[in-house]
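S.K.: just a sequence and a predicted model for now, questions to come.
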Amino acid sequence: MQAFLRAFFELFVVIDIIGTLPVFLSLTANMTPADRRRNANVALLVAGVLMLLFLGVGLQLLQLLHIELSSFKIAGGIILGILGVQLILGKDVGGPAGQGYGSAAIIIGTPLITGPGTITTIIILAQAHGRLLVLAAIAANLLICWIILIGGARIARVLGPNVIQILSRVMGLLLLALAVQYVRDGLSSG
């Protein structure tokens, strides 16, 4: 259970669905609730397929490219560190903002939910804890993401923009700490 909780929370911090929520709401601002729901569903489908792809073949891809896991940990740690600093400083970590059904869903699905940090985390967790446990952590995170995106407008009204900004910065700090740990692990195992 402890390994599952660790995998779950590492993914939760990297995904940062609370920080993604304002981007989702702005991209879907002129949509009906039904269209917003469809965008959330497509975004999570895109994110889930990418997560499963890298869970299934991520380690083999590294081996095919002759990349050691320790090097990937360091590279992933650097990427997570950059994302963490951007979140702490309140910088936009999303892709180009476009309007419409496809662009909103794709931007949220990747790179926001399943970006380099999520991919790195999945590969490292799969190597450390096995695929089945990481699959369960992915499923739990996608369910939480769906709940937050579907109820996004209500959540944003209740929390307010200031609380969402504070939570996003705290997630950035946790992400930065996770990045440092990945780099340390990569250096010590390389």
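M.R.: That came in fine, so what should we check first? Quantities reported herein were computed from a predicted structural model and do not represent experimental measurements.
S.K.: lowest-scoring secondary structure element of this structure by mean pLDDT?
M.R.: Sorting the helices and strands of the chain by mean pLDDT, DSSP states H and E puts helix 101-107 at the bottom, at a mean of 69.
S.K.: immediately after the host helix or strand of D35, which helix or strand?
M.R.: For D35, the host element (DSSP states H and E) is helix 33-64. Next along the chain after helix 33-64, taking DSSP H and E as the criterion, comes helix 69-89.
S.K.: output that following helix in PDB, but only the C-alpha positions, please.
M.R.: What follows is helix 69-89, C-alpha atoms only, in PDB (Å, rounded to 0.1, in the frame of the first residue of the first chain):
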ATOM      1  CA  LEU A  69      17.700   4.700 -16.700                       C
ATOM      2  CA  SER A  70      20.100   6.800 -14.500                       C
ATOM      3  CA  SER A  71      20.600   9.200 -17.500                       C
ATOM      4  CA  PHE A  72      16.800   9.400 -18.000                       C
ATOM      5  CA  LYS A  73      16.300  10.100 -14.300                       C
ATOM      6  CA  ILE A  74      18.700  13.000 -14.500                       C
ATOM      7  CA  ALA A  75      17.100  14.400 -17.800                       C
ATOM      8  CA  GLY A  76      13.600  13.900 -16.400                       C
ATOM      9  CA  GLY A  77      14.700  15.600 -13.100                       C
ATOM     10  CA  ILE A  78      15.900  18.600 -15.100                       C
ATOM     11  CA  ILE A  79      12.600  18.800 -17.000                       C
ATOM     12  CA  LEU A  80      10.600  18.400 -13.700                       C
ATOM     13  CA  GLY A  81      12.800  21.100 -12.100                       C
ATOM     14  CA  ILE A  82      12.000  23.600 -14.900                       C
ATOM     15  CA  LEU A  83       8.300  22.800 -14.700                       C
ATOM     16  CA  GLY A  84       8.400  23.200 -10.900                       C
ATOM     17  CA  VAL A  85      10.200  26.600 -11.100                       C
ATOM     18  CA  GLN A  86       7.600  27.800 -13.700                       C
ATOM     19  CA  LEU A  87       4.800  26.800 -11.400                       C
ATOM     20  CA  ILE A  88       6.400  28.400  -8.400                       C
ATOM     21  CA  LEU A  89       6.900  31.700 -10.400                       C
END
